[in-house]
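> 3D, please:
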Amino acid sequence: MSKSETTKTVLVAGAANLILAITKLFAGLLAGSSAMLAESAHSVADTLNQGFLYTSLRRSERPPDRRHPFGYGNERYVWSLLAAFGIFVAGAGFSIFEGILTMTGHGGGGTTVWLAYAVLGLGAVLEGASWLRAFYQAKKETRENDRDLVEHVRKSPDVTFKTALFEDTAAMIGLALAAGGLAMRQITGSEFWDGLASALIGVLLVVLAFSIGRESMGLLIGQAADPAEQRKIRAEICGAPGVTGVDELLTMHFGPEQILVAAKVHFSDDISADEAEDVAGEIDRRLRERVPTVRHVFLDPTQRVIKTTAG
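Prediction:
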């Protein structure tokens, strides 16, 4: 994964959402469409969230200090949680409330529907470009780690990238719902369909907020490295000269690009303490070389205790 690629993805998404938030608002007011107003709230929430995500990228770059010896990588997860909260409150809450009002006969009334369709078309172009940018990053990273797309998105610890991709995907679905609600309103003459589309957009945002929050929380409380990376780390340690086994291997993410490794390593009885120290240093170097996300390595050298039973 690449922080520069994630930054580009976030900036593209933020610019697209800022433009759309303004145009959807005017179109929603003129067309009297609760679905368009819900989409405007959706874009406002997404714009704020891209700001949160960009801030997380900048703040996570700060070097380690005395109070934070492992750095600030986990700040990405904190800001992603704020982004999820923003989606839930600013986007989902307003969309569902506006939809219920319209379905119960307390909304609608606009006539400039053509403008709403024009803005939805603009949204499809801008949101589509943003989604393609996130999709391009995902495909690029899958080529680097030999995973398929779904597996990469599921296992990637880069929650900032995931948030941008999930938001753009939800935005495309939201545009389709808004267009469907407007079309049904025109066909049937009932505001109910417009309100229903708004409520469905709100439900979509609830699902989005829950997904992002769950991903962020899992990483924030100390999620282990991917099993494939753990196997690679274990194999590298076991392959070092003088090492006879690994009794315990613990890994933990300190940000998408920082993994801590702690292992209880068995050394052969034939090597001295000084030799064991040299081997540990070589293991540290090779782990950082083979698994670039490994930043901190702590090894506890032990020797196997052979249990005997009295005959």
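> CA only for contacts and neighbour counts going forward, please
OK.
> now the closest residue in space to residue 238 that isn't next to it in sequence, what's its secondary structure?
Setting aside the residues directly before and after it, residue 238 is nearest to residue 245 in space (C-alpha to C-alpha, 6 or more residues apart in numbering), at 5.6 Å. The three-state assignment at residue 245 reads strand, by DSSP: H, G, I helix; E, B strand; the rest coil.
> For beta bridges, what are the partners of residue 245?
Following DSSP bridges, residue 245 is listed with bridge partners residue 266.
> give me every residue that touches it.
Residues near residue 245 by C-alpha atoms under 8 Å, 6 or more residues apart in numbering: 238, 265-267.
> same thing but at 7 Å, please
Contacts here follow C-alpha atoms under 7 Å, 6 or more residues apart in numbering; on that basis residue 245 touches 238, 265-266.
> ok, so of the residues you listed, who is nearest residue 204?
residue 238 (47.1 Å; C-alpha to C-alpha).
> how far away is that closest one from residue 137?
Residue 238 is 34 Å from residue 137, where distance means C-alpha to C-alpha, to the nearest Å.
> Sketch out the low-pLDDT regions of the stretch 151-300 of the chain for me.
152, 218-221, 255-256 (pLDDT under 70).
> Please disregard the earlier target; I meant the stretch 1-150 of the chain.
For the stretch 1-150 of the chain, the stretches flagged by pLDDT under 70 are 1-5, 60, 71-79, 90, 106-111, 144-147.
> Please repeat the previous calculation with a cut-off of 80.
1-14, 16-17, 31, 42, 45-46, 48-91, 105-113, 130, 133-150 (pLDDT under 80).
> mind giving me the domain ranges of the chain?
The chain is divided into the following domains under the TED database: 3-221, 227-301.
> Give me the neighbour count for residue 171.
26 (other C-alpha atoms under 10 Å).
> Let me fix that, I meant to ask about residue 142.
Using other C-alpha under 10 Å: residue 142 sits among 18 other residues.
> So for the helix or strand it falls within, what gets flagged as buried?
Using DSSP states H and E, residue 142 sits in helix 113-145. Of all the residues in helix 113-145, those buried under the rule 16 or more other C-alpha atoms under 10 Å are 113, 115-117, 119-120, 122-124, 126-135, 137-139, 141-142.
> got it, and stretch 10-21?
Neighbour-count burial for stretch 10-21 [16+ other C-alpha under 10 Å]: 10-14, 16-21.
> re the thing from before, chain center to the helix holding residue 142: distance?
17 Å (C-alpha atoms, centre = their mean, to the nearest Å).
> Just say helix, strand or coil for residue 202.
helix.
> Strands along the chain, start to end?
For the chain, the strands defined by DSSP state E occupy 243-253, 259-267, 294-303.
> Just the angle for the shortest one relative to strand 243-253, thanks.
Spelled out, it's strand 259-267. Here strand 259-267 runs at an angle of 160 degrees relative to strand 243-253 (axes from the mean of the first three to the mean of the last three C-alpha atoms, to 10 degrees).
> what does strand 259-267 rub up against?
242-253, 293-304.
> Of those residues, grab the buried ones for ChimeraX.
Only the buried entries of these go into this ChimeraX selection, using 16+ other C-alpha under 10 Å:
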select :242,243,244,245,246,249,251,252,253,293,294,295,296,297,299,301,302
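> residue boundaries of the helices in the stretch 51-200 of the chain?
Counting by DSSP state H, counting those that start in this stretch, the stretch 51-200 of the chain has these helices, from start to end: 75-86, 94-103, 113-145, 149-155, 159-188, 192-220.
> So for residue 289, which of those sits nearest?
Comparing the helices of the stretch 51-200 of the chain by C-alpha to C-alpha, helix 113-145 comes nearest, at 15.2 Å.
> Fine, thanks again, bye for now.
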